[in-house]
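Visitor: what shape does this take:
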Amino acid sequence: MKNFVSVGECMIELSNIEDRIFKMGFAGDTLNTAWYARALLSDSWSVSFATKLGNDELSQNAVSFLTENNIGTDLIDYHPSRKIGIYLIHLKKGERSFSYWRDNSAARTLADNKSSLEKMLSKAEFIHFSGITLAIMSNTGRKLFFNILKDHKQRGVGISFDPNIRLAMWNDLTEVKKTISKAAELSTIVLPSFEDEKLCFKDRNPRETIRRYESLGAKIIVVKNSGEKIFALKDSKEIIFDNITIKNVVDTTGAGDSFNGGFLASILSGIDINEAIFKAHSLASKVICEKGALVPMDKISKMQISA
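Guide: Coordinates of the predicted model:
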């Protein structure tokens, strides 16, 4: 069995179901990607989530939730005193904003222990991580993580990276640019969002985003574009996907993450990149018709995800 490992942060998600009444769930950008990859990959792949949680009851509830949905939890480490982070979704006409309580979360110590981090990634045949994964790490932990990724890439492990740039999580613009670029150098697949890249790197269009990541060594690049044309590159060949259909938007939380999961599951299943983009878009367009980041597994299985 092949091993897909997604690395990052699991948080408690609070989503508003009516006035001052909230539904509790679990989410996080790389967890969301793992969720949708698990939903679409065959049983020849295992999908595990690598993170750090606390010993508190809610952390244990998160572990149970993942286990019940066939996402491996054997790569989760535990902090003796810190707890799981929390975020709250604010919705206005389908668009979301967030409030976070994560400054002292267990996940922030994810890369602090070398042996623990090495164990998390030791059996991975494909690794996914994000800019948020990097932002929550300490500088020392980030360097350690990059060194381990470098070793894995040299051994032929596939690595995907979603820059998912959240400037508020970084100390300064120079730091985020340097870190995102270094991460891209270590990745075979890069899945940026043009809106983020425009804000951080001042890219004027998705083609500039593609060329920048191509120059850093990425072999496959797909630029998500907020409902507009999707630009992609594989083996130096440009692809433009403009068959964009979006209807009945309820909640855009997890749109990009579900696209990532759908795309990676398709590519790892041997599907052509054009069809992989179509499937990923088809999945994301259905996910945003639901509330919250994670659509239940049984509901995903009933969706018509096709090219």
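
Visitor: and the spatially closest residue to residue 219 that is not a sequence neighbour, what are its phi and psi?
Guide: Closest residue to residue 219 apart from its sequence neighbours, by CB to CB, 6 or more residues apart in numbering: residue 188 at 5.2 Å. Every residue, glycine included, has its C-beta placed from N, CA and C. Main-chain torsions, residue 188, degrees, to the nearest 10: phi -90, psi -30.

Visitor: can you name the residues that contact residue 188?
Guide: Contacts for residue 188 (CB atoms under 8 Å, 6 or more residues apart in numbering) come out as 153, 158, 159, 160, 218, 219, 220.

Visitor: can you do 7 Å?
Guide: When contacts are counted by CB atoms under 7 Å, 6 or more residues apart in numbering, residue 188 is found next to 158, 159, 218, 219, 220.

Visitor: buried ones from the residues you listed, can you make that a ChimeraX selection?
Guide: Buried residues among the contacts of residue 188 (16 or more other CB atoms under 10 Å), as a ChimeraX selection:
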select :158,159,218,220
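
Visitor: show me the two of the contacts of residue 188 that sit farthest apart.
Guide: Greatest spacing in the contacts of residue 188, by CB to CB: 158 and 218 (11.9 Å).

Visitor: for the chain, which spans come out with low pLDDT?
Guide: Across the chain, residues meeting the criterion (pLDDT under 70) sit at 93-96, 304-307.

Visitor: could you redo the last one with a cut-off of 90?
Guide: 15-23, 89-98, 226-228, 242-254, 285-293, 295-296, 298-307 (pLDDT under 90).

Visitor: in it, which spans are strands?
Guide: Counting by DSSP state E, one finds strands in the chain at the ranges 2-7, 11-18, 21-27, 45-50, 52-53, 77-78, 85-92, 95-101, 126-130, 158-162, 189-190, 220-223, 230-234, 237-241.

Visitor: pull the CA atoms of stretch 211-224 into PDB?
Guide: What follows is stretch 211-224 as a C-alpha-only set of coordinates in PDB (Å, rounded to 0.1, in the frame of the first residue of the first chain):
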ATOM      1  CA  ARG A 211       7.000  31.100 -14.500                       C
ATOM      2  CA  ARG A 212       8.300  32.000 -11.100                       C
ATOM      3  CA  TYR A 213       7.500  28.500  -9.600                       C
ATOM      4  CA  GLU A 214       8.800  26.800 -12.800                       C
ATOM      5  CA  SER A 215      12.100  28.700 -12.300                       C
ATOM      6  CA  LEU A 216      12.300  27.200  -8.800                       C
ATOM      7  CA  GLY A 217      12.000  23.700 -10.200                       C
ATOM      8  CA  ALA A 218       8.400  22.700  -9.900                       C
ATOM      9  CA  LYS A 219       7.300  20.100 -12.500                       C
ATOM     10  CA  ILE A 220       3.500  20.600 -12.100                       C
ATOM     11  CA  ILE A 221       2.000  23.900 -11.300                       C
ATOM     12  CA  VAL A 222      -1.700  24.700 -11.100                       C
ATOM     13  CA  VAL A 223      -2.800  28.300 -10.300                       C
ATOM     14  CA  LYS A 224      -6.200  28.400  -8.600                       C
END
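
Visitor: give me the buried stretch members for that stretch, please.
Guide: Result for stretch 211-224 [16+ other CB under 10 Å]: buried residues 212, 213, 214, 216, 218, 220, 221, 222, 223, 224.

Visitor: ok, so of these, who is nearest residue 54?
Guide: residue 224 (32.3 Å).

Visitor: which residue ranges form the helices in this protein?
Guide: 29-40, 57-68, 114-121, 131-135, 139-154, 173-185, 194-201, 206-215, 255-268, 273-287, 297-302 (DSSP state H).

Visitor: figure out which of these is closest to residue 48.
Guide: Smallest distance to residue 48 across the helices of the chain (CB to CB): 7.7 Å, for helix 29-40.

Visitor: gap between that closest one and the chain center?
Guide: 8 Å (CA atoms, centre = their mean, to the nearest Å).

Visitor: what's the angle between that helix and helix 255-268?
Guide: 50 degrees (axes from the mean of the first three to the mean of the last three CA atoms, to 10 degrees).

Visitor: ok, and what's touching helix 29-40?
Guide: When contacts are defined by CB under 7 Å, 6+ apart, helix 29-40 is touched by residues 4, 6-8, 10, 47, 49, 70-71, 128-130, 132-133, 162, 164, 254, 257-258, 260-262, 264-265, 283, 293-294, 297, 300.
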